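Chemist: Provided below are the primary sequence and the corresponding predicted coordinates.
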Amino acid sequence: MFYYKPENIVGYDIVMAKGGKVETIDLVEGFSTTGIINKIK
């Protein structure tokens, strides 16, 4: 499976400079990131 390195994600430098945290999550077939984000909200 392909994994993104956080430092290769657009905006990583800005988030880190502001004291934030960039994390990646595993892709799971049948689940969309939009659905996950809506559950978090």
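Modeler: Okay, I see it.

Chemist: Next, name the residue at the spatial heart of the chain.
Modeler: residue 24 (4.1 Å; Cα atoms, centre = their mean).

Chemist: how near is the residue of the chain positioned farthest from its centre to residue 36?
Modeler: Computed with Cα atoms, centre = their mean, the maximum C-alpha offset from the centroid of the chain is found at residue 30, amounting to 17.4 Å. Distance, residue 30 to residue 36, by Cβ to Cβ, to the nearest Å: 12 Å. Yep, even glycine has a C-beta here, placed from its N, CA and C like the rest.

Chemist: any idea how far the nearest residue to residue 12 once chain neighbours are set aside is from residue 33?
Modeler: Distances taken as Cβ to Cβ, 6 or more residues apart in numbering place residue 22 nearest to residue 12, at 5.1 Å, with adjacent residues excluded. Separation of residue 22 from residue 33 (Cβ to Cβ): 14 Å.

Chemist: Have a look at the two and say which one is more surrounded.
Modeler: residue 22 (15 against 9; other Cβ atoms under 10 Å).

Chemist: From what I see, the more buried one and residue 15 are in contact.
Modeler: Yes. Look at residue 22 against residue 15 with Cβ atoms under 8 Å: they come within range, at 5.3 Å.
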